[in-house]
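Trainee: With the input below, show me the fold.
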Amino acid sequence: MNSSPSFAPEDFRKGLLYFAPDELPAGFDESAWTPAVREGADALPEPVTPVAAWQTVLAADALRYLAVQVAASKASGHPGGFCSSAEVVAALHLLGHKTIFTEVGHHAPGYYAALLLDGSLERMGIHSVADFTARFRETHGLLGHLSGAIPGVPAPAGPLGQGQHFAWAAARLHPGRLCPVTIGDGGMGEPYVMSAFMHYNVAFPEVTNVLPILIWNGFSQEHHSMVSTHDDPRMIAYWRAHGFDEVVLVDAKQFDDGEQAGAFVDSTRFEVERRIAFAAAVIDGLRRCERLALHEGKRAVFILKQIKGAGSHGLGSKSHHLYPQFTLEHPDIIAGLRRRALAPKAWETVRANFRRAAGGPAAEVALTEAERPVAELPALPLVDHPVGANPQIPSSALSALVAAVGAADPEFIVTSADGNEASGVRGVNDALRIRHPIRDDLYSQSPDGRVFEPISEDACAGLAAAQALLGARSLWFSYESFAINGLPFWQTVTQAMAELRRRTPSTIAMFTAGALEQGRNGWTHQRPEVESYLMAMLRNGNVHPIFPLDANSMQTAFDWALRTHNQGVALIGCKSPLPVRLTLEQSAAALREGAVTLAEAADGEGPLAVLAVVGDLAVAPALEARALLEAAGVRARVVAVVAPRRLYRPEDVAWEQVSLAAARDSGFATEEQFHAWFEADALLGVSAGAGAVLEPVMVRARARGRDLVAWRRGETTASTGALLALNGLDAKSLTARAMALIAAGKGKS
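Mentor: Okay, here's the model as predicted:
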C-alpha cells in the first residue's frame, strides 16, 4: 500500500490519503486502463465487456473510498448505507443516467463523490479531494443531506418516502427518459412507500419510465430492517403485488466465493473475478430494466442485495453513522480506506469515465439543471363580488380559476386526498377530472384526469411539491386538520426552492375545513397546529401562509401565488359561505401590505383598543366585540391579518438568503404603516387557530398593554358560535379581555 504521492494543486487526486499499486487483474493488459466510456461516447459499451465491468468495480470502490474519507474528515456523516449501493450507483452513472433521485439523504457522501468525479462540484470551487473534505458539512459547502443547492443534485433527500414523488414527477414531465430512484429497505419498514407506488401505478398506467431501485442491505439506521427476513422470492412477490411487471434482483450472495455467513454478504470480499461478474450482472440488470421501462411499456424494479456497509469501515447498522471517535486516525477508518484504495492510474480511469458518461457532468446534463418552460397564463376570470352582497364560499371561488389554469397549462395538476367536493371545489373535479381507471361522469372520473386523489396526504403533498420543484405548476388541496401529515414533504421542497439557482413555479397549497368549521366532527378534525408549523417555516425566507378573509381575497391570493417563483404559498380559508368584506382591489392591497383595517375606531378622547384578528371565521366575533367596546366607551379598531409574513421586520426573515435574486421577496410593512394599525392603549390578538400566527404583531407592536386569545382545544359542538365560546373567542369573551387590558393600563398610569 502506497502513501499519498505529491500532486499539483489542480489535480483532483490531491488530498487522497492512500493508494494501491498499479496492478491489473490476471488476463488484463495495459489497455485495460483505457476508459471504457470512449471519447465521444456517453455510456459503457454494449454488451458489457470484462474491462467495462472491472472499471465499474473501480468506480464503485472510488465512491466508497471517497464516501468514507469525506465523512471521517469531519467525524460526521453516514457512509455505510451508500457503500452497499455503490455498484448500482456507479453503473447508473457509467450507463449515462445522471438524474438519480433518492429517498435516502444519508447516502449523500457517495452521491457527492460522484459529483466530484464528474466535475460537477467545480461550480462550487471544489476541484480536488482536499477541497471536497474541507467543504463537507460546512456552511455554503456540501450539506449533510442531499440538496438541490448542490450542482447536479436533482432534488433534496429528507423525509423517507419522498424520493419516489420526485421520480414520478420527473417521469411524467419527461417521457422517454429513465427516472431512477433509490430506496432503502430500512425505510420500507413504513409501508407508505409501497402503497404510494401502488396508487401511482394504477393512476398512471402509461408512465413506466420510473425505475425504483431497492438497496436491500438488511439494516436500517440502528437495527435490522423489517424486511431482512424476506427471502428473494418473497421480495419479488412483494413488488409484483404492488403493480410491477418485472423484478430484476441481483443478490451478492449468488456470487460469493468465500462462504460468508448470512443472507447478506459483502461483495468487496470476493476475488476480483467474482467482483467483475457481480458488476456485470448489475449492468446487465439495469439495462434490462431500461428496455422494459422505455421500450416495452412494462414497470420494472431493480433490487441490489448486499450487506449494509459493504467495503466501508464496518458492517450492518454499525456502519451507518460516524460518531466523534471515527476520525481519519481511527483504526477502523484507516483499515477501511486502505482496503478500498485505488491506484493512481485507476483514479484517472474512473475520473474519465465519470466525466464522459451522459455527455458531461451532472451539473450540465441532469434534467433539473435547466429552467423548464411553462405555459403562459391568461388573465384569470376573477369575479369581484360586491362588498356586503350575498355570502360567498371562499374555497369555491377558486374553482373557475383552477379550471382556467388547467385549460391554459396541460402540465398543471391538482392533488387532494379525496375531499375536493367536501371542500366546496367540486368545480375543479368537473373541469380537470379525477384521475381514475374507471370513467364515471357522476364522480367526475377519467383515466386521463389531472386531479390526483390518493387517500394519503403524503402522496398529495409529495407529488404536488415535486412537480413544482421540477418546473411545472401544481396545487395541493387538503383539510387543515390532515395537512400536517404531508407538510414535511412540502417543507423539504420549499426549503429546496430557496436554494435553487433556477426559477421554478411556486408550490401552492390550499387548506380548508379549519377547526371552527368542524364542530360536529369534534377534536379529530380540529387541529390548527398546522398553522404553527407554517409559522415556524415562515422565517425561512420564501414561505407565505395567507389567510384570505372572503371569496375576493381568496381569488387574489391564488392569482398572486401563481405568478411567483420559488415560494411556498399556503392559503388557509373557509368552505362555508362568508360575507364579502373586501373588493378585489382592497384584497390585493391587504395581501401586499399584510393587513387591512376592517373597522376604524370612533373619533374621541377615550382609550383605544385594537383587535388584531386572523382567520376568516374569527372576524365576526371581533367586529361584534368592537361594537360592545364602543358602547362601553372604549374606542376600538379591528385589523385583519392576511399575510403575517409582511408584518415581520425584514431582519426577522431570511429573505435575502434565497439563492435566486428574482425570488427574493423583500416586501414588509413599513414602521409607519405597522404602527398606524397596531399602536394603541390595548392590543388584543385574536386567532381562530394557532397563536403563533400573531407572533409578528406581538413582537413588533408598541401597544401599552397586550394580550393574545387563541384556539385552546377541540370539542364536539352544534355550531361555530359554541366552539368559539368554548375557546374564549366569542364576542363577550373578547370584550372582557380587552376591557381588562384597558383597566390594567389605567392602573399602571
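
Trainee: neighbours around L694, how many?
Mentor: 26 (other C-beta atoms under 10 Å). Bear in mind the C-beta positions are built from the backbone N, C-alpha and C, glycine included.

Trainee: Find me the pLDDT at the closest residue to it other than its chain neighbours, would you?
Mentor: For L694, ignoring the flanking residues on the chain, the nearest one in space by C-beta to C-beta, 6 or more residues apart in numbering is G685 at 4.0 Å. Among the per-residue scores, G685 shows a pLDDT of 97.

Trainee: Quick check: G685 touching V709?
Mentor: Yes: applying C-beta atoms under 8 Å, one finds G685 in contact with V709, separated by 6.8 Å.

Trainee: okay, and for the stretch 601-749 of the chain, where does confidence drop off?
Mentor: Confidence mapping of the stretch 601-749 of the chain against pLDDT under 70 gives the ranges 747-749.

Trainee: just the helices in it please.
Mentor: Secondary structure of the stretch 601-749 of the chain (DSSP state H, counting those that start in this stretch): helices located at 619-631, 671-678, 695-700, 720-726, 731-748.

Trainee: Of all the ones you listed, which one is nearest V129?
Mentor: helix 695-700 (45.5 Å; C-beta to C-beta).

Trainee: Extract the C-alpha set from that closest one and format it as PDB.
Mentor: Taking C-alpha atoms only, helix 695-700 is exported to PDB below (Å, rounded to 0.1, in the frame of the first residue of the first chain):
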ATOM      1  CA  GLU A 695     -46.200  36.500  16.600                       C
ATOM      2  CA  PRO A 696     -45.100  39.200  14.000                       C
ATOM      3  CA  VAL A 697     -47.700  41.500  15.500                       C
ATOM      4  CA  MET A 698     -46.800  40.800  19.100                       C
ATOM      5  CA  VAL A 699     -43.000  41.100  18.800                       C
ATOM      6  CA  ARG A 700     -43.200  44.400  16.800                       C
END
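
Trainee: List the buried residues in it.
Mentor: Neighbour counts over helix 695-700 (16 or more other C-beta atoms under 10 Å) mark E695, P696, V697, M698, R700 as buried.

Trainee: which residue sits closest to the first one, ignoring its sequence neighbours?
Mentor: Leaving out its chain neighbours, the residue that sits closest to E695 by C-beta to C-beta, 6+ apart is M535, at 6.4 Å.

Trainee: List of residues touching the helix or strand harbouring the one you found?
Mentor: Counting by DSSP states H and E, the element that carries M535 is helix 529-538. The contact list for helix 529-538 (C-beta atoms under 8 Å, 6 or more residues apart in numbering) reads 480-481, 483-484, 487, 491, 494, 511, 543-545, 568, 570, 572, 644-645, 648, 653, 687, 689-690, 692-693, 695.

Trainee: Give the pairing partners of the very next helix or strand once past that helix; include direction for each.
Mentor: On the C-terminal side of helix 529-538, the closest following helix or strand by DSSP H and E is strand 543-546. Here strand 543-546 is paired, per DSSP bridges, with strand 568-572 (parallel).

Trainee: Show me the shaky parts of the stretch 1-150 of the chain.
Mentor: Where the stretch 1-150 of the chain drops to pLDDT under 70, the residues are 1-4.

Trainee: how about the strands of it, start to end?
Mentor: 2-3, 18-19, 101-102 (DSSP state E, counting those that start in this stretch).

Trainee: For S31, find the nearest of the helices of the stretch 601-749 of the chain.
Mentor: It is, among the helices of the stretch 601-749 of the chain and with distance given as C-beta to C-beta, helix 695-700, at 67.7 Å.

Trainee: Determine the set of other helices and strands touching that closest one.
Mentor: helix 671-678, strand 682-687 (3 or more C-beta pairs under 8 Å, 6 or more residues apart in numbering; DSSP states H and E).

Trainee: Pull out the buried residues from the longest one.
Mentor: Taking 16+ other C-beta under 10 Å as the neighbour-count basis, helix 671-678 is seen to contain the buried residues F674, W677, F678.

Trainee: doesn't M698 make contact with the last one?
Mentor: No: under the contact definition of C-beta under 8 Å, F678 does not touch M698, with a separation of 9.3 Å.

Trainee: tell me, how many neighbours does L116 end up with?
Mentor: 26.

Trainee: I should have written L726 there, sorry.
Mentor: L726: 17 neighbours (other C-beta under 10 Å).
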